[in-house]
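Novice: whatever this is, show me its structure:
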Amino acid sequence: MNNLRKYWYIATLVMVMALLLGRYLSLNSVAAQTESPLFPGSEPPPTPHPIKGPALTALAPAADAKLRVFAQALALVEEQYAEPKPVKDLVYGAIQGVVSTLDPHSSFMNPEEFRELQIETKGKFSGIGIEITMKDRILMVVSPIEGTPAYQAGLLAGDQILKINDQSTKNMTLTEAVRMIRGPKGSKVTLTINREGFPQPRDFFIVREIIPIRSVRARVLDGGIGYIRLSTFQDQTDNDLRAMLKKMQQRLSPFKGLILDLRNDPGGLLDQAVRVADEFLASGLIVYTEGRNPQQNMRFYARPGHKSENVSVPLVVLINEGSASASEIVAGALKDQKRALIMGSKSFGKGSVQTIIPLEDGSALRLTTALYYTPSGQVINEKGIIPDVVVEEKQPSPDKTLQTLRDEALAKHMKKEGLTDKAWDRPITTAELDQDLQLKRAVEALRSWPPKGLAKQPKK
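Specialist: Next up is the predicted model:
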């Protein structure tokens with residue numbers, strides 16, 4: 001009976017924490033989404049009012065009954081489980097169980113995991129360089145970051161990770177998987193991968209490194225066309241993009257068109273997605289978020305009247321199934337605003353807002369609090385961005401597999417012969433275009449500009 005009373009008390013505290021957390025989220029969640037201020041003209045959340053007085057009311061009878069069941073279960077575990085377990089572990093496990101019923105991107109982090117996340121967001125970290133997610137309860141690669149160990153090992157968007165160091169990922173949380181994949185520089189991790197076309201799962205042995213993120217790479221083409229590849233959205237992406245565009249304006253005279261390559265770009269910072277889209281828009285909505293609470297609803301606009309030579313240059317954006325999150329925000333905005341021709345294949349479809357909420361003991365919740373929508377009102381999450389022109393990637397000849405083609409591309413990259421390994425002002429050759437059907441079609445579109453449907457801007 002004493003244990004039952006103790007766990008009734010713990011269960012009540014958990015409910016109190018939940019109610020306080022709900023109150024906290026309703027007031028502060030959106031403010032925690034970005035670290036950098038956005039443009040004037042973006043609508044910020046209403047200023048939160050401080051909580052005054054008791055935030056709780058009496059528990060409803062239904063909630064009271066559920067808490068009794070919860071307390072009874074915890075008491076039975078402590079009394080009858082074969083081995084003693086610390087109360088903290090039981091409470092953490094209960095919270096993890098609650099969060100696991102929500103969605104693949106929400107998770108609970110114990111104090112150690114939260115500290116690791118803070119280190120990762122503040123500077124360099126060692127790992128293999130992939131974005132992962134849970135899809136239909138299966139751990140999946142969103143995209144490897146170009147130039148990282150995962151990319152060099154041949155991992156692809158859509159790969160299913162069945163094991164990490166021989167430990168099954170079944171029932172593993174996303175946070176646990178990230179922690180297992182990361183590790184000290186020079187150490188090894190083994191991922192067991194299932195992929196369409198594999199007769200059986202295959203092991204990939206990868207050496208962890210400090211992840212170098214160079215988010216902007218470029219080349220030019222004869223005839224005044226520029227090519228810029230964004231591999232991820234980091235805190236300097238907008239500045240690096242603007243600097244490269246300035247160089248192109250000087251190098252290409254006249255500047256007749258630009259290809260913005262977002263293929264296999266797993267995303268990154270929200271404010272960088274807004275700033276990149278703004279570089280090509282004179283005005284109009286870029287993206288908006290909607291959640292259960294009005295304070296989570298935000299709208300981000302291009303800066304009206306800002307002077308940029310890039311708001312009128314003909315633009316083609318390339319996407320594929322590895323384009324996710326921030327790259328989908330950019331593609332969706334430029335598509336809906338009739339600013340660019342979107343070409344390639346359907347994007348991944350990760351369009352949800354995760355808010356990190358610290359808890360008083362040093363642990364934290366990563367909670368999905370809102371969804372992203374394109375200017376026309378299309379939800380991104382699980383839907384993705386549909387290209388204006390669908391161009392599937394080049395199919396291998398009968399004697400070559402997709403992996404063989406990837407190995408050949410990797411060999412070129414290691415020899416500094418990849419598309420973006422050469423000097424940015426060295427023109428892309430016809431032979432290089434023949435190796436990339438989607439890029440070739442983008443060049444053809446710019447040389448016969450404008451395409452149908454881009455003649456008029458939509459109403460702002």
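
Novice: for the stretch 51-200 of the chain, which segments are assigned as strands?
Specialist: 107-109, 126-127, 130-135, 138-144, 160-164, 167-168, 188-194 (DSSP state E, counting those that start in this stretch).

Novice: contact partners for residue 393?
Specialist: Counting by Cβ atoms under 8 Å, 6 or more residues apart in numbering, residue 393 makes contact with 320, 345, 437, 438. In this view, the C-beta of every residue, glycine as well, is placed from N, C-alpha and C.

Novice: among these, name the buried ones.
Specialist: Burial of the contacts of residue 393 was assessed by neighbour count (16 or more other Cβ atoms under 10 Å); the buried members are 320, 345, 438.

Novice: and the longest strand for the protein?
Specialist: strand 364-373 (DSSP state E).

Novice: name the helices or strands packed onto it?
Specialist: Other helices and strands packing on strand 364-373, by 3 or more Cβ pairs under 8 Å, 6 or more residues apart in numbering; DSSP states H and E, are helix 2-28, helix 87-100, strand 107-109, strand 285-290, strand 352-358.

Novice: could you list the domains of the protein?
Specialist: Here the chain is described, according to automatic domain parsing, as comprising the domains 2-44+59-110, 126-210, 216-353+370-447.

Novice: for residue 262, find the nearest of the strands of the stretch 51-200 of the chain.
Specialist: Smallest distance to residue 262 across these (Cβ to Cβ): 10.3 Å, for strand 138-144.

Novice: in a markdown table, list the contacts of residue 393 along with secondary structure.
Specialist: A markdown table is the format used below for the contacts of residue 393 (DSSP: H, G, I helix; E, B strand; the rest coil):
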| residue | secondary structure |
| --- | --- |
| 320 | coil |
| 345 | coil |
| 437 | helix |
| 438 | helix |
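
Novice: what about the residue lying closest to residue 334 once chain neighbours are set aside, distance to residue 422?
Specialist: Counting by Cβ to Cβ, 6 or more residues apart in numbering, the nearest residue to residue 334 once its immediate chain neighbours are dropped is residue 340, at 3.9 Å. Counting by Cβ to Cβ, to the nearest Å, the gap between residue 340 and residue 422 amounts to 25 Å.

Novice: between the two, point out the one with more neighbours.
Specialist: Neighbours per residue (other Cβ atoms under 10 Å) separate residue 340 from residue 422, with residue 340 holding more: 24 against 16.

Novice: and the strands of the stretch 51-200 of the chain as JSON lines, adding distance to residue 220, mean neighbour count and mean pLDDT?
Specialist: Below are the strands of the stretch 51-200 of the chain laid out as JSON lines (distance: least, Cβ to Cβ, whole Å; neighbours: other Cβ atoms under 10 Å; pLDDT from 0 to 100):
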{"stretch": "strand 107-109", "distance to residue 220": "43", "mean neighbour count": "23", "mean pLDDT": "88"}
{"stretch": "strand 126-127", "distance to residue 220": "33", "mean neighbour count": "20", "mean pLDDT": "81"}
{"stretch": "strand 130-135", "distance to residue 220": "29", "mean neighbour count": "21", "mean pLDDT": "84"}
{"stretch": "strand 138-144", "distance to residue 220": "25", "mean neighbour count": "23", "mean pLDDT": "89"}
{"stretch": "strand 160-164", "distance to residue 220": "38", "mean neighbour count": "19", "mean pLDDT": "96"}
{"stretch": "strand 167-168", "distance to residue 220": "47", "mean neighbour count": "12", "mean pLDDT": "95"}
{"stretch": "strand 188-194", "distance to residue 220": "36", "mean neighbour count": "18", "mean pLDDT": "96"}
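
Novice: how about the residue nearest to residue 334, what does it touch?
Specialist: With contacts defined as Cβ under 8 Å, 6+ apart, the neighbours of residue 340 are 260, 280, 315, 316, 317, 334, 454.

Novice: narrow those residues to those in strands?
Specialist: Using DSSP E, 260, 315, 316, 317 are the members of the contacts of residue 340 that sit in strands.

Novice: check which helix or strand the residue nearest to the third one when sequence neighbours are not counted maps to.
Specialist: By that I understand residue 316. Spatial nearest neighbour of residue 316, excluding adjacent residues (Cβ to Cβ, 6+ apart): residue 442 at 4.3 Å. Residue 442 is part of helix 437-447, with elements assigned from DSSP states H and E.

Novice: distance from the chain centre to that helix, please.
Specialist: For helix 437-447, the distance between its averaged C-alpha position and the chain's averaged C-alpha position is 27 Å (Cα atoms, centre = their mean, to the nearest Å).

Novice: now do stretch 419-439
Specialist: Counting by Cα atoms, centre = their mean, stretch 419-439 comes out at 27 Å from the chain centroid.

Novice: now swap in stretch 368-375 and tell me
Specialist: Stretch 368-375 has its average C-alpha position 13 Å from the chain's average C-alpha position, going by Cα atoms, centre = their mean.

Novice: one more: stretch 218-238?
Specialist: Centre-to-centre, stretch 218-238 and its host chain are 19 Å apart (Cα atoms, centre = their mean).

Novice: what's the span of that stretch from first residue to last?
Specialist: End-to-end distance for stretch 218-238, by Cα to Cα, to the nearest Å: 14 Å.

Novice: which elements pack onto the helix holding residue 442?
Specialist: strand 225-230, strand 257-261, strand 315-319, strand 341-344, helix 430-434.

Novice: one more pass at 7 Å, please.
Specialist: With contacts defined as 3 or more Cβ pairs under 7 Å, 6 or more residues apart in numbering; DSSP states H and E, helix 437-447 has these neighbours: strand 257-261, strand 315-319, strand 341-344, helix 430-434.

Novice: can you tell me how far residue 331 is from residue 131?
Specialist: 16 Å.

Novice: start to end distance for stretch 294-311?
Specialist: Its first and final residues considered, stretch 294-311 spans 32 Å by Cα to Cα.

Novice: buried sites along it?
Specialist: 295, 296, 297, 298, 299, 300, 301, 302, 303, 308, 310, 311.

Novice: any chance of the residues you listed in TSV with secondary structure, pLDDT and distance to residue 136 as columns?
Specialist: TSV is the format used below for these (DSSP: H, G, I helix; E, B strand; the rest coil; pLDDT from 0 to 100; distance: Cβ to Cβ, whole Å):
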residue	secondary structure	pLDDT	distance to residue 136
295	helix	82	32
296	helix	83	26
297	coil	91	29
298	strand	93	29
299	strand	95	32
300	strand	95	31
301	strand	95	35
302	coil	93	36
303	coil	88	40
308	coil	71	42
310	coil	83	40
311	coil	86	41
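
Novice: now those residues as JSON lines including distance to residue 142?
Specialist: Shown next, in JSON lines, are these (distance: Cβ to Cβ, whole Å):
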{"residue": "295", "distance to residue 142": "29"}
{"residue": "296", "distance to residue 142": "24"}
{"residue": "297", "distance to residue 142": "26"}
{"residue": "298", "distance to residue 142": "24"}
{"residue": "299", "distance to residue 142": "26"}
{"residue": "300", "distance to residue 142": "23"}
{"residue": "301", "distance to residue 142": "28"}
{"residue": "302", "distance to residue 142": "27"}
{"residue": "303", "distance to residue 142": "30"}
{"residue": "308", "distance to residue 142": "30"}
{"residue": "310", "distance to residue 142": "28"}
{"residue": "311", "distance to residue 142": "30"}
